[in-house]
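> curious how this folds, go ahead:
(2 chains)
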Amino acid sequence: MKKVLVFGLCLFPLLYIVVQAASNQLGPDGGKEVVLYFGTWSMQFLLVTLAVSPLSRRTHLRGLLRYRRMVGLFTWFYASLHLFSVLIVLLGWSWQIFLEEFSERPYMAVGILAWLFMVPLGVTSNRFMQRRLGKNWKRLHRLVYFILLLACIHLIWLVRSDFLEAFLFSLVAAALMFERLVFWLSRKKRQHPA
Amino acid sequence: MIIGKPSDIRSSEITPRSVYLRRREFIGKSLIASAGVSLSAVTVASEQLKSLDYRKADFKNKEGFYTNEALAPYKDIKRFNNFYEFGSDKGDPEKHAQNLTVDPWSLTVEGEVEKPGVYHLEDILKPVNIEERIYRLRCVEAWSMVIPWQGFPLADLIERFQPSSKAKYIQFETLHRPEEMPGQRARTSTIDWPYVEGLRMDEAMNPLSLIAVGLYGKELPKQNGAPLRLVIPWKYGFKSIKSIVKIRFLEKMPMTTWVSLAASEYGFYANVNPQVNHPRWSQGSERRLPSNFFSPNRIPTKPFNGYAEQVSHLYAGMDLKKYY
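Residues are numbered from 1 along each chain as shown, chains lettered A, B, ... in the order given. The predicted structure is shown next:
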């Protein structure tokens, strides 16, 4: 029941923009608005996904872990919508422009790379693959840290004159990584007491 | 008309700036109040933009002064702006510009001219005949709009100040007033205010170069650069500097805001050129606004934004890939 609620909550950003678009509320450059909107939400979902384990171990809300996969998959979902809307709005489905942008614009290449790395994570996010991959599953899913790095670079590379948004995202990302570093170091210490 | 600046006034006698800037508001309000009109009516009236008297543009106009392409709706031109003084989102200027004081307004003229000084806006506008120009505006961000401006040729204004033979360039400066411009207070902005732009003298004297004072037949809305802005239709939009308070005539090429921010991305000339891409996106095509998700309205970008016939001679022999 709770899972259905979280699922609905995760779908809310999509519903919101669909209503806005349908009622013509997005302004004269509506397509670009949609692109930026999905980009922002995929970034936010990525941060939330990575905040689940720190929150669950620091606050003893162990139950939170049950939602991590869903939030992670929604990250992929919104990143796909972001990429999809870029293909339509900014590139007009032109593969020629796509290849040109991919090779010439580094921020674009970095963004697409981040999305490509999400594919194996999404595909293996079920019990069956988890069992099949065993230990390697965990190793594979550490790719998410690399995705986070790419996403931050993507954002910073887009800055024109105001870096507030890129700074805030990177700050939260850095905080989440710092928490892990502290956690791993303390665990190591426990395993090998000096 | 030069306004003198007596030096024997003690600062304690000077009205605070915030009050001084609103003096016409007070006079207006007291006049209307004495006539027995309620104050609420005044607030409504002050938000309405005055209609202008001007010569309309049509197909009989000189080449380049008119286009029959579909106009961007008035509402869209007012709610979709790059005016970083009020914030970097497209909707910020409409939201935050309404408190800007545009009356009184004066223009400072400096440098290589016979008639430097501080000119009142009224005196600037008194002798001019306002005419309409329907121009394409192409932003460096790869969107464009067709806009009906009202204004007068920049050349007419320049001639009144009588630039000397040393004046090879002209620099423009936007108002710097952080108390009314929240974007100028933003700590994460990398822009070194005030915003400055520049033109070569022959570019400035081209008949297409316009000082706009109106939009859609009414005074310029504040978010569109009231009361006085530049419109250079063959260059990327950031050259068309808004809310101008200073003009400098110079011998050497001046620094401009975007060049100082990222010289590899924005040049002094900034002519619309589909052959020279911005390092981070393509300039080969543009989204003609209004557009939406289902019809992106992508059209190819033309050299000099379609004004090559009128301006390409200005750049004869220049390597436009180098001087972008």
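
> is it true that B:R136 touches B:I299?
No: applying Cβ atoms under 8 Å as the test, B:R136 and B:I299 come out as separate, 10.4 Å apart. The C-beta positions use only the backbone N, C-alpha and C, and glycine is treated the same way.

> mutual contacts of these two, please.
With contacts defined as Cβ atoms under 8 Å, 6 or more residues apart in numbering or on different chains, the residues shared by B:R136 and B:I299 are B:S144.

> the more surrounded of these two?
Between B:R136 and B:I299, counting by other Cβ atoms under 10 Å in any protein chain shown, B:R136 is the more crowded of the two (20 against 13).

> and that one, what is it in contact with?
Going by Cβ under 8 Å, 6+ apart, B:R136 touches B:T67, B:E69, B:S144, B:M145, B:V146, B:I147, B:P233, B:N305, B:G306.

> among these, which lie within strands?
Taking DSSP state E as the definition of strands, the contacts of B:R136 contribute B:S144, B:M145, B:V146, B:I147.

> need the helices for chain A, in chain order.
Here chain A has its helices, by DSSP state H, at A:2-22, A:30-59, A:68-85, A:95-104, A:106-123, A:127-133, A:135-141, A:143-157, A:164-191.

> residue closest to the middle of chain A?
In chain A, the centroid-proximal residue (Cα atoms, centre = their mean) is A:L46; its distance is 3.1 Å.

> which bits of chain A sit near chain B?
A:21, A:24, A:26-32, A:34, A:85, A:88-90, A:92, A:97, A:100-101, A:104-105, A:107, A:157-158, A:160-164, A:167 (Cβ under 8 Å from any Cβ of the partner chain).

> can you report phi and psi for the closest residue to B:G111 other than its chain neighbours?
Closest residue to B:G111 apart from its sequence neighbours, by Cβ to Cβ, 6 or more residues apart in numbering or on different chains: B:F249 at 3.8 Å. Dihedral angles phi and psi of B:F249 (degrees, to the nearest 10) take the values phi -100, psi 130.

> and B:L199, by the same measure?
In terms of degrees, to the nearest 10, the main-chain angles of B:L199 are phi -140, psi 160.

> how close does it get to B:F172?
From B:L199 across to B:F172, the span is 8 Å (Cβ to Cβ, to the nearest Å).

> could you report the neighbour count for the residue nearest to B:S312 when sequence neighbours are not counted?
In this structure, B:S312 finds its nearest non-sequential neighbour in B:F304, 6.1 Å apart by Cβ to Cβ, 6+ apart. Neighbourhood size, B:F304 [other Cβ under 10 Å]: 21.

> low-scoring stretches of the chain, by residue?
No chain in the question, so chain A it is. Low-confidence segments of chain A (pLDDT under 70): A:193-194.

> wait, I meant chain B there
Residue ranges of chain B with pLDDT under 70: B:1-47.

> now A:W93. Its backbone dihedrals?
Per degrees, to the nearest 10, the backbone of A:W93 is at phi 60, psi 20.

> before we move on, the earlier item: Serialize the ones in strands among the contacts of B:R136 to a markdown table and add fields for neighbour count.
Shown next, in a markdown table, are those (neighbours: other Cβ atoms under 10 Å in any protein chain shown):
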| residue | neighbour count |
| --- | --- |
| B:S144 | 25 |
| B:M145 | 25 |
| B:V146 | 17 |
| B:I147 | 21 |
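
> from those residues, which two are the most distant?
Using Cβ to Cβ, the ones in strands among the contacts of B:R136 reach their maximum pairwise distance at B:S144 and B:I147, which is 9.6 Å.

> hey, what's in contact with both of those two?
B:R136, B:L137.

> circling back: nearest to chain A among the contacts of B:R136?
Nearest to chain A out of the contacts of B:R136 is B:M145 (Cβ to the nearest Cβ; 7.5 Å).

> which non-adjacent residue is nearest B:N305?
Leaving aside its chain neighbours, B:N305 sits nearest to B:V272 (3.9 Å; criterion: Cβ to Cβ, 6+ apart).

> that'll do, ta.
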